[in-house]
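# how would this look folded up:
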Amino acid sequence: MKDENDLRCEITVRHTDENDIPLIMNLVRSLADFEDLSDHVLSTEETLHEALFGERVYAEAIIAEIDRKPAGFIIFFHNFSSFTGKPGLYIEDIFVYPEYRSKGVGKALMVHCGKIARERNCGRLEWSVLDWNPARKFYEHMGGEHQKEWLLYRLDERGIDELAERR
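Prediction:
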């Protein structure tokens, strides 16, 4: 007898459109809940719409569906490596609803993102993960390598303002 998690479902991965904004917002909130970072979410449907579909597009999103029901998503954007001389893709968010985990949804999303990176001649596909997240094993299984020698630094909006005011 097969475990229900061993059964693979028909997964569809598609680019989002403007009608998906409420769904994307829900996925962002679900990711934040999972990461215990709900109080950090400042995005609104309006800011997501502007970033994904505004005059200047800053990011793109893809959605995975099973039986036309949303199962997960990725938000990604382009960066650039002066070392490779090529653009790269950075995955800002990847999230799969708990009931769809271990069914191939994360793999379908990553493979789709990998195809986009290849089509766009990207030299790198990168992402970050919290150190406690069990998805780390999945990322390694997908071929991702932990970059132990690199540390992530960040300035929030206040830090950006303070930096910009320095003389």
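# what about Ile66, neighbour count?
19 (other Cβ atoms under 10 Å). Backbone N, C-alpha and C define where each C-beta goes, glycine included.
# and for the one 3 residues further on?
The number of residues packed near Lys69 is 10, by other Cβ under 10 Å.
# report pLDDT for it.
With respect to pLDDT, Lys69 has a value of 97.
# now do the phi/psi pair for it.
phi -110, psi 140 (degrees, to the nearest 10).
# any idea how far it lies from Pro98?
14 Å (Cβ to Cβ, to the nearest Å).
# quick one: what helix or strand has the most centrally placed residue in the chain in it?
Closest to where the C-alpha atoms of the chain average out (Cα atoms, centre = their mean) is Asp93, at 2.5 Å. Assigned by DSSP states H and E, Asp93 belongs to strand 86-96.
# which parts of that strand are buried?
Within strand 86-96, the residues scored as buried using 16 or more other Cβ atoms under 10 Å are Gly88, Leu89, Tyr90, Ile91, Glu92, Asp93, Ile94, Phe95, Val96.
# need these in CSV with pLDDT and distance to His49, can you?
Below are the buried residues of strand 86-96 laid out as CSV (pLDDT from 0 to 100; distance: Cβ to Cβ, whole Å):
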residue, pLDDT, distance to His49
Gly88, 97, 25
Leu89, 98, 21
Tyr90, 98, 21
Ile91, 98, 20
Glu92, 98, 16
Asp93, 98, 16
Ile94, 98, 21
Phe95, 99, 19
Val96, 98, 23
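# kindly reformat those as JSON lines containing distance to Ile24.
Below are the buried residues of strand 86-96 laid out as JSON lines (distance: Cβ to Cβ, whole Å):
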{"residue": "Gly88", "distance to Ile24": "22"}
{"residue": "Leu89", "distance to Ile24": "18"}
{"residue": "Tyr90", "distance to Ile24": "17"}
{"residue": "Ile91", "distance to Ile24": "15"}
{"residue": "Glu92", "distance to Ile24": "12"}
{"residue": "Asp93", "distance to Ile24": "9"}
{"residue": "Ile94", "distance to Ile24": "13"}
{"residue": "Phe95", "distance to Ile24": "10"}
{"residue": "Val96", "distance to Ile24": "14"}
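# if we can go back for a sec, ok, the residue nearest to the centre of the chain touching Ile75?
Yes. Counting by Cβ atoms under 8 Å, Asp93 touches Ile75, with 4.4 Å between them.
# need the residues touching each of the two.
Val28 (Cβ atoms under 8 Å, 6 or more residues apart in numbering).
# can you count the residues close to Val150?
Just to correct that, residue 150 is Trp rather than Val. 9.
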